[in-house]
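Student: build me a model:
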Amino acid sequence: MDRFRKTMILLAGLALPAAAAHGTFSTPDPLCFASGAASYRLSPNAMLPDYRVRIDNAAAKPDLRMQMVDRPEIADFIIADDYGAKEGDACGSSVPIRTVKLDTETRAPDVVVALAADTPSPDYKVYVHSVRYSQADAAALLAAVWKATQKREIAAR
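Tutor: Predicted coordinates:
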């Protein structure tokens, strides 16, 4: 688990400048990032996503408990936009792209996440400083990578 925590620090240089990202008539680029042997794309409208993530702070036994933190140096997982980056194809990848759907209505999620700033004894601490990614987006992406890592570890046994 510690190895996974150490590898999850991510600086996402995928953002558009703030004005373009929130433009009324602009179509936002898909939110993607690469981790290991796969890329993950947030796909809110996917009918058959690879991973369905539900954020449910009232869940009796969530799979993951994440705490939102306000300092990157204490986080296990970081998403921060590169405000000066040129627009590009964030989802262009030579590795497989896995779809992730943040789905609050699903009864059969792949991962249930409890996400709050005051979560006691969290599995992960998450820092988000982004014009494109919400805290829930970051949690969904981390949950999908966590689930994929679990599957690989089980397959290796």
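Student: residue contacts, residue 98?
Tutor: 38-41, 50-51, 144, 148 (Cβ atoms under 8 Å, 6 or more residues apart in numbering). For glycine as for every other residue, the C-beta is placed from the backbone atoms N, C-alpha and C.
Student: would you mind naming the residues that bridge with it?
Tutor: With DSSP bridges applied, residue 98 shows beta-bridge pairing to residue 40.
Student: state the pLDDT value of residue 33.
Tutor: Residue 33 is assigned 77 on the pLDDT scale.
Student: grab the nearest non-local neighbour of the spatially most central residue of the chain.
Tutor: The chain has residue 141 as the residue nearest its centroid, 2.0 Å off, counting by Cα atoms, centre = their mean. Distances taken as Cβ to Cβ, 6 or more residues apart in numbering put residue 40 closest to residue 141, at 5.6 Å, once the chain neighbours are dropped.
Student: cool, residue 62 as well?
Tutor: residue 114 (4.0 Å).
Student: and residue 154, what element?
Tutor: helix 135-156 (DSSP states H and E).
Student: could you measure from residue 31 over to residue 41?
Tutor: For residue 31, the distance to residue 41 (Cβ to Cβ, to the nearest Å) stands at 7 Å.
Student: same check on residue 81?
Tutor: With Cβ to Cβ as the criterion, residue 81 and residue 41 are 17 Å apart.
Student: now do residue 81, the pLDDT please.
Tutor: So, for residue 81, pLDDT stands at 75.
Student: same check, this time on residue 84
Tutor: Residue 84 carries a pLDDT value of 58.
Student: ok, residue 62 next?
Tutor: Reported pLDDT for residue 62: 95.
Student: what number of residues lie near it?
Tutor: 20 (other Cβ atoms under 10 Å).
Student: give the contact list for residue 55.
Tutor: 102, 104, 112-115, 136, 139-140.
Student: would you list those in CSV and tack on distance to residue 124 and pLDDT?
Tutor: Formatted as CSV, the entries for those read as follows, by distance: Cβ to Cβ, whole Å; pLDDT from 0 to 100:
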residue, distance to residue 124, pLDDT
102, 16, 93
104, 20, 87
112, 14, 97
113, 9, 96
114, 11, 95
115, 10, 95
136, 14, 94
139, 9, 94
140, 13, 94
